[in-house]
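**Q** Fold the following for me, if possible:
(chains A and B)
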There are 2 protein chains.
Amino acid sequence: MSSMGLPATENLLETKEINERSFSSDGKAHHHIYKVGIPPKQNLFKEFKATIKEAFFADEPLRHFKDQTKLRKLVLGIEAIFPILSWCRTYNLKKFRGDIISGLTIASLCIPQDIGYAKLANLDPQYGLSSFVPPLIYAIMGSSRDIAIGPVAVVSLLLGTLLSDEIDPTKHREEYRRLAFTATFFAGITQATLGICLGFLIDFLSHAAIVGFMGGAAITIALQQLKGFLGIKTKKFTKKTDIVSVMKSVFNTAHHGWNWQTILIGASFLGFLLVAKFIGKKNNKYFWVPAIAPLISVVLSTFFVFITRADKHGVDIVHIERGINPSSVDKIYFSGDYLSKGFKIGVVAGMVALTEAVAIGRTFATMKDYQLDGNKEMVALGAMNVVGSMTSCYVATSFSRSAVNFMAGCQTAVSNIVMSIVVVLTLFFITPLFQYTPNAILAAIIISAVIGLIDFEAAILIWKIDKFDFIACMGAFFGVVFISVEIGLLIAVSISFAKILLQVTRPRTATLGKIPRTSVYRNTQQYPEATKIPGVLIVRVDSAIYFSNSNYVKEILRWLIDEEEQVKGDYQTKVQFLIVEMSVTDIDTSGIHALEELYRSLQKKSIELILANPGPVVIDKLYTSNFANLIGEDKIFLTVADAVAYCSPKMAEDP
Amino acid sequence: MSSMGLPATENLLETKEINERSFSSDGKAHHHIYKVGIPPKQNLFKEFKATIKEAFFADEPLRHFKDQTKLRKLVLGIEAIFPILSWCRTYNLKKFRGDIISGLTIASLCIPQDIGYAKLANLDPQYGLSSFVPPLIYAIMGSSRDIAIGPVAVVSLLLGTLLSDEIDPTKHREEYRRLAFTATFFAGITQATLGICLGFLIDFLSHAAIVGFMGGAAITIALQQLKGFLGIKTKKFTKKTDIVSVMKSVFNTAHHGWNWQTILIGASFLGFLLVAKFIGKKNNKYFWVPAIAPLISVVLSTFFVFITRADKHGVDIVHIERGINPSSVDKIYFSGDYLSKGFKIGVVAGMVALTEAVAIGRTFATMKDYQLDGNKEMVALGAMNVVGSMTSCYVATSFSRSAVNFMAGCQTAVSNIVMSIVVVLTLFFITPLFQYTPNAILAAIIISAVIGLIDFEAAILIWKIDKFDFIACMGAFFGVVFISVEIGLLIAVSISFAKILLQVTRPRTATLGKIPRTSVYRNTQQYPEATKIPGVLIVRVDSAIYFSNSNYVKEILRWLIDEEEQVKGDYQTKVQFLIVEMSVTDIDTSGIHALEELYRSLQKKSIELILANPGPVVIDKLYTSNFANLIGEDKIFLTVADAVAYCSPKMAEDP
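**A** From the prediction side, this is the model:
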């Protein structure tokens, strides 16, 4: 075998030119072998910088700033923080038309919903409506053109549950509200912080877990509405959210607590809303039907109650205070026991809210094919909640309403501004009219809204594609429905994490064989016709070899050799060569150690270790650690075919 | 393009035979394309079973049980739990000779060490020596032939620190001791539990973090010995373990607290021990020199103190109670506040002890080339600590002494039995002689023992191979030295985890090009001579596409297209085909979603999405999710070369 004659480290720095080796071990085989490339060594600082950039700023937030003058950089910087400055210059009447229509549509949808969602968070209705500030901030700072900002059902429920674990919302209204603002403040801070440097953390809730969590939350929310829907007045109604407690409460009150007038109103309008939803779903052209149905229901039912004075017959009505809510800066707890409680709740609610908002933002960005800067987006959402917490709002984010906004033809974030203005006008002028709006109608609106969160099709698809994902999905679902929202969330996160741990500790390996009439080697399980070469075991390791799996990889390779040597009936094959396909992307110190140990144990059995196709990072580390010298540089090949070609003449020699 | 004509699901079940397609899109290219194999569908139960087996029982603990009679299974089962039953049948005099020599050697090493280690854990010396029970249990249940069981320095220090955070060891001796037994009990339970089903958890401390942690612990332990080494009597000596506090204490006592006789004894014997160590290291033949040096030091120094009555001149001496320690079953806290504290401490100490023991066991198993069953090994270690906690022992494990055992030529676990017997005899007959043994000699012995834990070479290698690992290593090291053992451990675990998170969220991607004169496509960064095909972008994704990275993968692919279309100076290339090398091992629902979104956004830009070389799991899921039908089954190829061959004629058509 020819040796390169150069010490490994020098070799590293110069082998960039095309380099071919030829060897003829026994005169028979004369084969051109293409040498494995070693990438040029980077200096330390560059290496660090690249790692950090990849980890935290994967989408290169600063790439537009390259090669610009200082003034231009400043302008670009300000534009980056306030995207409105860049898009407002091309804003025109046509866009405004789209925005005003969509703005009015989502406003009509949001007014009744916000009132209902505030109740899920155990807050007074006006705190739902006061959420006109966040959309304004988002319109200035956000980079998505399509998402509609406001309180959402699941976050409201989660916030309500977490807050009332700490403070009783009926006995200590003021403290409860203050804690809600504190949590909102820290939710915003959390979101902005994630946006600045830890954005990857929000990818840790798997799609499957979210589907389950949302479905469970939807059922929980719908159950909560039964109280308003059935007109149950008794204060004995449970504060727990699990299905067993709620159903018990519902049936215990059946004989004296239900109010038939309320049920009649609720049921008929729920029917109306569901039909409207169905129409919108059947034909996208009629998307506006379900969008304005809630407002129509509110108007009609209010009018109906006013006419019949049903409120005198036990039909509960909504109470909303008129006017804009005052500043709440001085209400946020910045010290004391509630500071840490508010902080914890804020972190959880903020992250869940962010997961929803980013997911929906990405979906629309893909649909309209524009780039969405994840980091910037999170900062905008964070800033909006920080400001919101100071203006009597609770955590706002974006979810199902965004689809309506999109279909109504919104062009820019101006639709959010339009919506805000409508809400403000409502707070000033229309709230007095709400005094005849029955609670049951809000219950019906919320039920019809959250039903859409139960995604059967997604659950079925998850079942088909990945059973482990399905367990995560069901775990989260049943956790929410039978225990509580927090437990469901905890289960979702834990199972998601368990999957990651499995992934990094148990990488897959495949035994390769030669596909007939090609020089391609592939998994013999997938291609049963692929032929193995007797005496040569070819294994591909399908993951970076890190400390978390290095030992497992080593053991599995030794185990595969044992298996290969036993299986063949009477005839025992002696493995002479182990070719490891090193297409793995990375290896660390533990991985190198494992390879060394493998090499030594193979030596004892006189099996040659041969590596094929190591990637740039791997080959670099093999040389740095001297492992390449240990096994011999000529045992590292570009392809499995080359490695096999190296083995074959030796096999003939040594039968 | 020819379509398979079968619906995807039927197709899945039968396409096992060799299957070739040929296509001729424009009459020019007539190319034989090998079809991508789809593995036979497994039934649900098998699929689940395989997943669980892979996760928890990777080394197939039950494979020997297959195809055996019931009686044989029972015998095998008992032998599996008590390996002594299988190896004792082939035990002979020759093996016994090796075992007795190695047993005596490690006994001579362990007696002085154990006394010193007990002091690190703030326990009386006899509790170190009483650890003769665990080696006996291990000899019966353990599967490693080489490891020597006993207390070790780092775990003793960790336990001492954690325990004294809860109870003051000088004021409440009895409670402290009871908590120590409680922690030991739960350490055993933790180890056994991990052994039964969660063994992969111990792979989560990276090699790099362990090197740093050990080095830091060694320095901390050495610093702790300064008190005994310098003969400092003052009670003002700090209880903290960080270097700043300790050095302050040392220098504050310099003018009145140091004792020159003690220093003289300590320094001269430390010199002797280090020289012995050096001799043993230089020549493996003299491994016994450092092994018996501690005992010689003890004997000589004891004799010296007895002659000179140095104990009357301020030289502190050791106090050991004679006789075997009593049962401590009734001393373990099974209720009350200390139960949970003991549990927590036990979990931490148990896992650290296990990490050490398993690492060392694996090393020897590789050196002597026998299989070590990780699960069984952990259960044995756990059982041994549970029994130990009931016989007045604290957490025992295996570390540096095992190397001595190995070099002394131990053959089986009998060497541990020999050691135990010697220790028992010592407790009965020799302890009275210890009453003239100076404390300084124990300090010298411990210092010389822990110096070996500082592994400069490993640290340098880590620096060379992986900078991120080096950060973990240094983080753990400085955490231990400057703050405390727990903080160091926490840093080690956190950085190890951060690395895993990075790995799963930021998979690498590579742009591929054709290596000249081959049909092989490789990373263009590694092989700068590899040529790209204009209009075709070939990207390989190097990780399973899971929820944690699916979005990142999608964005990076879109970003690579943008980059490809911009970079080329004046001439702008239009990308017409995106070939994704799907050698990734797995994909989940989120991954499929990401691909779908990618496909849709590519459609908008009229770029064709082509997949090459999907693995068995991936191809299965592509069909199940209907994605294969969406993009067209004929867009999935065995190799990148095939995929490029598909693109080329189309490129000619459509310039």
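**Q** Quick one: the helices in the stretch 251-400 of chain A, in order.
**A** When assigned using DSSP state H, counting those that start in this stretch, the helices of the stretch 251-400 of chain A occupy the ranges A:260-282, A:288-308, A:337-368, A:374-389, A:400-407.
**Q** and those helices, which is most packed in?
**A** helix A:374-389 (a mean of 26; mean count of other C-beta atoms under 10 Å in any protein chain shown). Glycine gets a C-beta too; all of them are placed from N, C-alpha and C.
**Q** what distance separates that one from the middle of the whole chain?
**A** 17 Å (C-alpha atoms, centre = their mean, to the nearest Å).
**Q** Which secondary structure elements does it sit against?
**A** helix A:70-81, helix A:133-141, helix A:173-193, helix A:337-368 (3 or more C-beta pairs under 8 Å, 6 or more residues apart in numbering or on different chains; DSSP states H and E).
**Q** would CSV of those with mean pLDDT be doable?
**A** Below are the helices and strands packed on helix A:374-389 laid out as CSV (pLDDT from 0 to 100):
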stretch, mean pLDDT
helix A:70-81, 79
helix A:133-141, 89
helix A:173-193, 91
helix A:337-368, 83
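**Q** which one of those lies closest to chain B?
**A** Each of the helices and strands packed on helix A:374-389 has some distance to chain B by C-beta to the nearest C-beta; the shortest is helix A:337-368, at 4.4 Å.
**Q** can you give me how far stretch A:126-139 is from the chain middle?
**A** Mean-position distance between stretch A:126-139 and its chain equals 24 Å (C-alpha atoms, centre = their mean).
**Q** any idea how far the nearest residue to A:Lys331 once chain neighbours are set aside lies from A:Thr170?
**A** Of all residues not flanking A:Lys331 in the chain, A:Arg178 sits nearest, at 4.6 Å (C-beta to C-beta, 6 or more residues apart in numbering or on different chains). Distance, A:Arg178 to A:Thr170, by C-beta to C-beta, to the nearest Å: 15 Å.
**Q** more crowded one of those two?
**A** Set A:Arg178 next to A:Thr170 and count neighbours by other C-beta atoms under 10 Å in any protein chain shown: A:Arg178 wins out with 19 against 11.
**Q** show me the contacts for that one.
**A** Residues in contact with A:Arg178 (C-beta atoms under 8 Å, 6 or more residues apart in numbering or on different chains) are A:331-333, A:338.
**Q** can we see that at 10 Å?
**A** Counting by C-beta atoms under 10 Å, 6 or more residues apart in numbering or on different chains, A:Arg178 makes contact with A:167, A:172, A:328, A:330-333, A:338, A:342.
**Q** I'd assumed A:Pro614 was in a helix, is it?
**A** No - per DSSP: H, G, I helix; E, B strand; the rest coil, A:Pro614 lies outside any helix segment and is coil.
**Q** Double-check it against A:Glu581; I have them as touching.
**A** Yes - using C-beta atoms under 10 Å, A:Pro614 is in contact with A:Glu581, at 9.2 Å.
**Q** list residues touching both of these two?
**A** A:Phe637.
**Q** These two: which has the busier surroundings?
**A** Legend: neighbour count by other C-beta under 10 Å for A:Pro614 and A:Glu581, higher for A:Pro614 (27 against 23).
**Q** Just want to check the distance between the more buried one and A:Val539.
**A** As judged by C-beta to C-beta, A:Pro614 and A:Val539 stand 14 Å apart.
**Q** what do you get for A:Arg322?
**A** 74 Å.
**Q** more neighbours, these two?
**A** Set A:Arg322 next to A:Val539 and count neighbours by other C-beta under 10 Å: A:Val539 wins out with 18 against 12.
**Q** quick one: strands adjacent to the helix or strand hosting the more buried one?
**A** Assigned by DSSP states H and E, A:Val539 belongs to strand A:536-541. Using DSSP bridges, strand A:536-541 pairs in its sheet with strand A:509-514 (antiparallel), strand A:577-581 (parallel).
**Q** just these: most buried one?
**A** strand A:577-581 (a mean of 24).
**Q** How far away from the center of its chain is that strand?
**A** 38 Å.
**Q** same check, this time on stretch A:78-86
**A** 26 Å.
**Q** can you check stretch A:91-98 too?
**A** Using C-alpha atoms, centre = their mean, the mean C-alpha position of stretch A:91-98 is found 33 Å from that of the whole chain.
**Q** So for it, mean pLDDT?
**A** In this model, stretch A:91-98 has a mean pLDDT of 85.
**Q** Other residues contacting it?
**A** By C-beta under 10 Å, 6+ apart, stretch A:91-98 touches A:84, A:87, A:99, A:103, A:145, A:408-412, A:414-415, A:418.
**Q** Can I have the buried ones of these as a PyMOL selection?
**A** Restricted to buried positions by 16 or more other C-beta atoms under 10 Å in any protein chain shown, the PyMOL selection for those reads:
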select buried, chain A and resi 84+87+99+103+145+408+410+411+412+414+415+418
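**Q** closest to chain B among the contacts of stretch A:91-98?
**A** Using C-beta to the nearest C-beta, those come closest to chain B at A:Arg145, 15.7 Å.
**Q** Where does that closest one sit: helix, strand or coil?
**A** Relying on three-state DSSP, one would call A:Arg145 coil.
**Q** surely it meets A:Tyr370?
**A** Yes - in this structure A:Arg145 lies within contact range of A:Tyr370 using C-beta under 10 Å: 7.4 Å.
**Q** Quickly list what's touching both of the two.
**A** A:Phe364.
**Q** Would you mind splitting chain A into its domains for me?
**A** Domain segmentation of chain A under automatic domain parsing yields A:8-41+A:506-653, A:94-502.
**Q** for the last one, how far is the first residue from the last?
**A** Right, domain A:94-502. End-to-end distance of domain A:94-502 (C-alpha to C-alpha, to the nearest Å): 52 Å.
**Q** Kindly report the same for stretch A:626-637.
**A** Note: stretch A:626-637 ends 17 Å apart using C-alpha to C-alpha.
**Q** now the host helix or strand of A:Leu622, how far from the chain's geometric center?
**A** Here A:Leu622 sits within helix A:616-624, counting by DSSP H and E. Relative to the centre of its chain, helix A:616-624 is centred 34 Å away, using C-alpha atoms, centre = their mean.
**Q** Equivalent analysis for stretch A:600-609, please.
**A** Distance, centroid of stretch A:600-609 to centroid of chain: 46 Å (C-alpha atoms, centre = their mean).
**Q** what's the answer for stretch A:510-524, then?
**A** Offset of stretch A:510-524 from its chain centre (C-alpha atoms, centre = their mean): 37 Å.
**Q** And it, end to end?
**A** Stretch A:510-524: ends 8 Å apart by C-alpha to C-alpha.
**Q** for the record, mean pLDDT for that stretch?
**A** 84.
**Q** just to revisit the earlier point, export the strands paired with strand A:536-541 to JSON lines and tack on distance to A:Arg362?
**A** Supplementary listing: these in JSON lines, determined by distance: least, C-beta to C-beta, whole Å:
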{"stretch": "strand A:509-514", "distance to A:Arg362": "33"}
{"stretch": "strand A:577-581", "distance to A:Arg362": "34"}
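**Q** Chain A: strands as residue ranges?
**A** Using DSSP state E, the strands of chain A run over A:20-23, A:31-34, A:509-514, A:521-523, A:536-541, A:577-581, A:608-612, A:636-637.
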